[in-house]
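Q: From the sequence below, what's the structure:
(4 chains)
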There are 4 protein chains.
Amino acid sequence: MIRVGVIGYGYWGPVVARNFQTADGCQLAAVCDNSPAALERALKTYPGIQAARDPMEIVRSPQIDAVAVITPVWTHFEFAKAALENGKHVFVEKPFTSTAAQAEELIELAAARNLRIMVDHTFLFTGAVQKIRQLVDEDVLGRLYYYDSSRVNLGLFQHDVNVVWDLAPHDLAIMDYLLGAEPQAVAATGQSHLNGLEDMAYITVYFKDRMLAHINVNWLSPVKVRTTLIGGEKKMVVWNDLEADEKVKVYDKGVKITNGQGVYDLLVSYRSGDMWAPRVEQSEALKAEAKYFVECIEKNQTPFNDGHAGLRVVRILEAACQSLKQRGAPVELNGRVEPQMAVAAAGGAR
Amino acid sequence: MIRVGVIGYGYWGPVVARNFQTADGCQLAAVCDNSPAALERALKTYPGIQAARDPMEIVRSPQIDAVAVITPVWTHFEFAKAALENGKHVFVEKPFTSTAAQAEELIELAAARNLRIMVDHTFLFTGAVQKIRQLVDEDVLGRLYYYDSSRVNLGLFQHDVNVVWDLAPHDLAIMDYLLGAEPQAVAATGQSHLNGLEDMAYITVYFKDRMLAHINVNWLSPVKVRTTLIGGEKKMVVWNDLEADEKVKVYDKGVKITNGQGVYDLLVSYRSGDMWAPRVEQSEALKAEAKYFVECIEKNQTPFNDGHAGLRVVRILEAACQSLKQRGAPVELNGRVEPQMAVAAAGGAR
Amino acid sequence: MIRVGVIGYGYWGPVVARNFQTADGCQLAAVCDNSPAALERALKTYPGIQAARDPMEIVRSPQIDAVAVITPVWTHFEFAKAALENGKHVFVEKPFTSTAAQAEELIELAAARNLRIMVDHTFLFTGAVQKIRQLVDEDVLGRLYYYDSSRVNLGLFQHDVNVVWDLAPHDLAIMDYLLGAEPQAVAATGQSHLNGLEDMAYITVYFKDRMLAHINVNWLSPVKVRTTLIGGEKKMVVWNDLEADEKVKVYDKGVKITNGQGVYDLLVSYRSGDMWAPRVEQSEALKAEAKYFVECIEKNQTPFNDGHAGLRVVRILEAACQSLKQRGAPVELNGRVEPQMAVAAAGGAR
Amino acid sequence: MIRVGVIGYGYWGPVVARNFQTADGCQLAAVCDNSPAALERALKTYPGIQAARDPMEIVRSPQIDAVAVITPVWTHFEFAKAALENGKHVFVEKPFTSTAAQAEELIELAAARNLRIMVDHTFLFTGAVQKIRQLVDEDVLGRLYYYDSSRVNLGLFQHDVNVVWDLAPHDLAIMDYLLGAEPQAVAATGQSHLNGLEDMAYITVYFKDRMLAHINVNWLSPVKVRTTLIGGEKKMVVWNDLEADEKVKVYDKGVKITNGQGVYDLLVSYRSGDMWAPRVEQSEALKAEAKYFVECIEKNQTPFNDGHAGLRVVRILEAACQSLKQRGAPVELNGRVEPQMAVAAAGGAR
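A: Numbering: from 1, shown residues only, chains lettered A, B, ... in the order given. Reported below is the predicted structural model:
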């Protein structure tokens, strides 16, 4: 029985707590939050648990096997490090850390102590992403041309991070999971209109073999959009996460170009066939993720959404913010990005 | 009575010819096409007109007052120049020319001879764009934050131009018309998957006062999208050109941020009010444009979609293609872009 | 402080219990269910409450002021009657009773003892219905032509009632609330394909002044539809309850016919103006309804969704089922429908 | 070469004329219309044809082999009869005739003279209907439960017919073609709000084996709807004719009920699988229909949309209007509709 302590009981913390409470093989043992009101709510729902205002109480408690860090990103490193140093497995809210260097340090620490790190890339556990991954794995789509995602709405403005650090981790984690490819370069454009932090951004990620990803995140859209297009040589996918049913549509459409004889003799042939919307599992993603976390601990197994997965996302976030400041100038990702502060103070972000 | 000769009778030429034939104050006098079959079709529909295979017959004919150039972009300069030199007004299919230098030469030539140039930015004459322009002019939207447009579908691949030169002129012309602002810099990313010319591209245009535009063009999308979001301080617009009715929706939504006392004391307030879809005129845009062309000639008046409008679009196209080759590196538009060949041969475009 | 006992803790009971627990001025005092597992769940969530398997314990308890009857329809009469006889106010799940005669008896009983009856027509408390009612009250729509509602999906088959008694009460209660008119006749068609009870039905309700309502309910639809059209002389409404935003759209559209001189000289003029989607309150309807129930008890005030409202719905249900058996033959509703069993056993329903 | 004369050159006549002009094996030989302006338009488009104001000129002309009657429904019988009597094949706009008796007379006349009658049920030649028919024929859908169609919009009011005769022929012809079953009874409700003719109606058609059809036609809807649901035991279809692509969607959804032991022991099992949108041919339906007309004449072959198909539709229209006047009282269709009172007056129906 894995005993989990949750640090951070604001918006997402209660959802994480509930799922660890109900998952087989684990139980919620403690909740920590700076706010007495939050602790009161937690205790009302889970009368028997430990409640603490100081995260160190949680990370040091011998009654706890794993710590879930569901706090603002700039605190992830401190709390996760303390937890690992005290022999706890960690489950960390996305984005993993504020810098790639922090992520690397946590990965090394966990490896040295044989502890698990899981980064909460929840979307990977949805039926939609699982189904698309299956289509990729079974080569239904063929060679991938592009991944194009929009995640826009009238947003909850964050005070400490820009829209890239707030929304893009979802898309980057999904992209990383589905494409399984190493990015070469990142170019990002965007603008800040209100509080000095970018509230809209467009991120292009270059891969080898001409594969391209583009991610559009925006806190200033009057309408909510959650749409991803994936273009493949054989088939193409449209995933609209706002659809109640038919979230994933697979199009038997494409273009084929063959060489003719002369300079302009490229022969283009279109293919426009059926569309197919596979049934997609609708159960709660975090429930599956919590179960998987417990399994990975019990079986001493590395999760696919481990610290390295978190690091890969953070590297692109860093590169994107670096490019943003240079109006789109591409930033190479040659194995290792120079670590730097990704989030500038409001005044300096302009 | 303005007598119009149409050069190019392929896909768009017949539509242009029909509208000039039916517009008051003008008539279709001649059609020119390299293909005998095209000429035969034209003569069947308009028995009395002059039919020519050589464009020079049209541009030199004393029976013709104005020439519509509806041919591939690389021929626009030659035909338009010849027409102007022979004292004809010109109506030129978008994009205006292959280079900014060509556009400038045509503008000077027309000015010297007091002739009209109209660039066929047809969308400016749609009810939707006219309505949005009215919302901007009447300050219904407030200060503009961004213009974000997607124009994607499984595309007609062009042999001579990439997707930027094929699709983006529509969006850039609309952007230019609605924003009325001078762009500062352009960053573009994209990729070519099939014939060596980019088949997908993302173009960011920076303006002063933090206004930003983003244009997404793609020939490899399984679904057709024609959506433009315009974010303003007071209201926001979603224009979905594929909707039969309710193409333009105005959202009374926004975010207001006021300064508090401390560093993190920005006070965010959301506004989420009614949505309103104004009735939009549904008549054929090209009909209104043809009528306007005749009026501008008769009244010796400069059209708003004149050569300068065409040049502004071409400059951004050039800059976008320059940035594309550098994976998004921004290209400054300081008054005048260095003229250069925008369209590379297939082999060299990568 | 109104102490509420909830009879029935299956699907809807827990939602009702939660809302009475959290509403100001009242508290959840007891839960009754035949199933020990249900009671266990209730006690886990509300540790201090009374739990009973016998409804009579609830209705007779001096610790309880009001009883919510959230059980199958055929039990409503028995439990509500017992509650009223024991001096409790009652909140009854829709449809109110199995027959009009039962409804009338409960109404008389409550009147005699000065107790409140509220029938749980939850939809009346949604922001959408409240907004449409406001449009009707303020004569924005003008004289109403029709009310046309579709409520179809792949349904939860009920064993004891057909689709009319299961789904149509929602629409009939909304229709009654919005139109405020007395129906004259009902014609219903439909069919049973699976278990002998009608699984699809079409109900037409005739009102005076040519106003017409039509309700389409179907358990065998592959797609979920929740759409209501309301046609008025001045404006028309489309309410799509499945839209996340913009649930209610008001169309400035209509037709006007004026008499000309000759037989065929009716002059038709169309009006097609703007569309407008007013902001609609999104808070939980049952929360407002629970609060209103408490207020009505405290202020000794008759709710608009009282026993008479419930009776009006039951009368149409009875008439619809009578018409169904005769393939649409109209059933007059002249003030009072003869009470009769509306729901036949499965074998006899055909 | 079949020479076709078209009587009626208003809205639909020119479309019919164009398709007969371009179809292989036939040519447009004459156009007749009461309006000189209409004839002028026809002559401008087809310079060589015969133009007549008197339909008798067309039906008697030895230069004509077949006559297309594209006039108001109350004139169909007269013109078609005259054409048949003069030895011409006839192509008649829907609905075939004003009464079943007229239809029967035309059928007999054509049979006696070995001439073809084709009723212009254009929708049967669309890719969507052809695809659905294929799904029915190949038993993909299984036993059919219902056909449910909505055809509503802000309509073109007709002076001579109500909305049932104007819009429902489309749906009834499609229903007849897809279901291939003989209707048993018709019940229709509706109302007239403006010019004394019904502007909204709901038609239920009963078939044997519990199959049911429902058709909703309305000239007073603010939004345009063209949606048909077809429920089958194995699969269900949604055909949305307003979708640009994906008009036909096939749902692998259903309900299965098996008998248990006790009275309420029906075991319900749901099936919710993939959705599939087969590619649907997009070419012009009338073009295929014109070609088929020519083939049927040349091969002396009876079209599936012959006079009998037209008669079946007219019989339901007659029955529906009879039922409409009695507020939904069902009208039996026992092989041949005797005009009769199907059900007693409303008062006696109980």
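Q: For the residue of the stretch 251-350 of chain A found nearest chain C, the count of nearby residues, please.
A: Going by CB to the nearest CB, chain C is nearest to residue A:277 of the stretch 251-350 of chain A, at 11.9 Å. The C-beta positions use only the backbone N, C-alpha and C, and glycine is treated the same way. The number of residues packed near residue A:277 is 21, by other CB atoms under 10 Å in any protein chain shown.
Q: got a list of what residue A:120 touches?
A: A:16, A:70, A:91, A:92, A:93, A:94, A:289, A:305 (CB atoms under 8 Å, 6 or more residues apart in numbering or on different chains).
Q: contacting residues for the second one?
A: With contact taken as CB under 8 Å, 6+ apart, residue A:70 is in contact with A:6, A:7, A:8, A:9, A:10, A:12, A:13, A:16, A:93, A:120.
Q: Mind doing that once more with 10 Å?
A: Listed by CB atoms under 10 Å, 6 or more residues apart in numbering or on different chains, the contact set of residue A:70 reads A:6-17, A:31-33, A:76, A:79, A:91-93, A:120.
Q: again with the fourth one
A: By CB under 10 Å, 6+ apart, the contact list for residue A:92 reads A:7, A:67-71, A:73, A:76-77, A:79-80, A:83, A:103, A:106, A:117-120, A:307, A:310.
Q: Generate a PyMOL selection restricted to the buried entries among those residues.
A: Applied in PyMOL, the following selects the buried portion of the contacts of residue A:92 according to 16 or more other CB atoms under 10 Å in any protein chain shown:
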select buried, chain A and resi 7+67+68+69+70+71+73+76+77+79+80+83+103+106+117+118+119+120+307+310
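Q: returning to that earlier point: list the beta-bridge partners for the residue of the stretch 251-350 of chain A closest to chain C.
A: Beta-bridge partners for residue A:277, by DSSP bridges, are residue D:275.
Q: what's the spacing between it and residue B:133?
A: Applying CB to CB, to the nearest Å, the value for residue A:277 to residue B:133 is 39 Å.
Q: so residue A:64 sits right up against residue A:56, yeah?
A: No - between residue A:64 and residue A:56 there is no contact under CB atoms under 10 Å: 11.9 Å.
Q: Looking at those two, which has the bigger crowd around it?
A: residue A:64 (23 against 14).
Q: neighbours around the residue nearest to that one when sequence neighbours are not counted, how many?
A: Excluding its sequence neighbours, the residue lying closest to residue A:64 (CB to CB, 6 or more residues apart in numbering or on different chains) is residue A:5, at 4.3 Å. By other CB under 10 Å, 28 other residues sit near residue A:5.
Q: could you list every residue that touches the residue in the stretch 51-200 of chain A that chain B sits nearest to?
A: Residue nearest to chain B within the stretch 51-200 of chain A: residue A:187 (3.0 Å; CB to the nearest CB). Residues in contact with residue A:187 (CB under 10 Å, 6+ apart) are A:202-206, A:214, A:319-320, A:323-324, A:326-331, B:187-189, B:202, B:204, B:323, B:326-330.
Q: Need the overlap of contacts for residue A:64 and residue A:56.
A: Here residue A:64 and residue A:56 share the contacting residues A:83, A:86, scored by CB under 10 Å, 6+ apart.
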